[in-house]
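[1] sequence plus the predicted model coming up.
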Amino acid sequence: MKTTLRVLTAALLLGTAFDAQAQNLVVGTANSGNCYPFICASGDGRTRWQQVYNANQFGSSPVNITGLYFFSNLGQVNAGVNWDNVNFTLSLSTTTAGFPLSTAPGANVGGNQTQIFSGTLPTGFIPTSGVALSFAFAPFTYDPSQGNLLLDVNIGAGNGQYVSYLDADYSCQNVTERYYGDDNSGTSTCGGGLVTGFDVSTATVPEPSTYALMAAGLAGIFAARRRRKQA
C-alpha cells in the first residue's frame with residue numbers, strides 16, 4: 001500500500017508541474033531585404049553584426065528561446081547562390097543597450113551572453129521563399145523585464161555574395177535595430193534589421209482544477225488506507 005501511495009502521490013504532483021507551451025514569435029515586418037550579415041558582410045570585410053530586439057515584443061514574463069530563423073519571403077533571393085563558406089559565431093544576451101545601439105559593439109553585450117552557434121552555414125541553395133536559415137540550440141532564458149534581447153554575430157573571412165537577400169525591416173519603429181562593422185567601431189542604424197522568428201516556451205501555472213484533483217486523489221488514497229487498517 002505504501003508503494004501505491006507513493007506512486008499515486010507522485011503522479012498527482014506531476015500533474016501540477018509547470019507546463020511548457022511551445023510558441024512561435026516573429027519580430028519585425030518585412031518591407032525590404034538585406035544581405036548582412038550572412039551573405040555579403042564577409043565580402044565587405046566586416047567582422048561583427050549585432051541586432052537588438054525590443055523587449056516589448058516578448059511580453060512581460062521570462063521565456064526560453066530554443067531556436068531562431070530568418071526568411072526570404074519577398075523573393076529577393078537568387079536560388080542559384082550558395083551560402084558563403086564562412087565561419088559564423090552567434091550569441092544571445094540580455095542587454096541594457098537600446099535604440100540606438102552603441103557604435104562600440106562590446107558596450108552592447110549583456111553579462112549573460114551565451115553562444116548558440118559556431119560553424120559554417122548549411123550547404124545547399126537559399127530558398128526563394130519561406131524560412132531560409134534556421135538555428136536550434138539549448139534553451140536560452142530571456143527575461144524581458146531585464147532589458148532588450150541582443151543577437152551578436154562574429155563573421156569570419158570569406159567571399160561575399162551580393163545577389164541574395166533575407167527579409168529585413170526598414171521601418172525604424174524601434175522594434176529591431178542593427179550594428180555592423182568590426183570589433184572596435186562601425187555603424188548603428190534603425191533600418192535593416194533582419195525579420196527574425198523565435199521558438200520560445202513559457203511556464204504556465206497549473207489551473208485550480210488541477211489542485212482540486214490532486215487533493216481529491218490524496219484524500220481517496222488515505223481513506224482507502226484507513227479502511228484497510230480497520231479491516
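    Thanks, I have the structure now. Numbering: from 1, shown residues only.

[2] tell me the contacts of residue 188?
    By C-beta atoms under 8 Å, 6 or more residues apart in numbering, the contact list for residue 188 reads 100-103, 177-179. (Glycine included, C-beta is placed from N, CA and C.)

[3] can you flag the buried ones in those residues?
    Among these, those classed as buried by 16 or more other C-beta atoms under 10 Å are 101-102, 177-179.

[4] what about those residues, which are in helices?
    Applying DSSP state H to those, no entry is found in helices.

[5] tabulate those (a markdown table), appending pLDDT.
    Formatted as a markdown table, the buried ones among the contacts of residue 188 follow (pLDDT from 0 to 100):
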| residue | pLDDT |
| --- | --- |
| 101 | 94 |
| 102 | 95 |
| 177 | 90 |
| 178 | 93 |
| 179 | 94 |
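
[6] now the two most distant members of the residues you listed.
    Greatest spatial distance in those: 102 and 178, 12.4 Å, computed using C-beta to C-beta.

[7] am I right that residue 106 is in a helix?
    Yes - counting by DSSP: H, G, I helix; E, B strand; the rest coil, one finds residue 106 located in a helix.

[8] that older thread, okay if I get the buried ones among the contacts of residue 188 as a markdown table plus distance to residue 199?
    As requested, these are exported to a markdown table (distance: C-beta to C-beta, whole Å):
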| residue | distance to residue 199 |
| --- | --- |
| 101 | 24 |
| 102 | 28 |
| 177 | 22 |
| 178 | 22 |
| 179 | 24 |
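
[9] looks like residue 185 contacts residue 103 (just checking).
    Yes - counting by C-beta atoms under 8 Å, residue 185 touches residue 103, with 5.7 Å between them.
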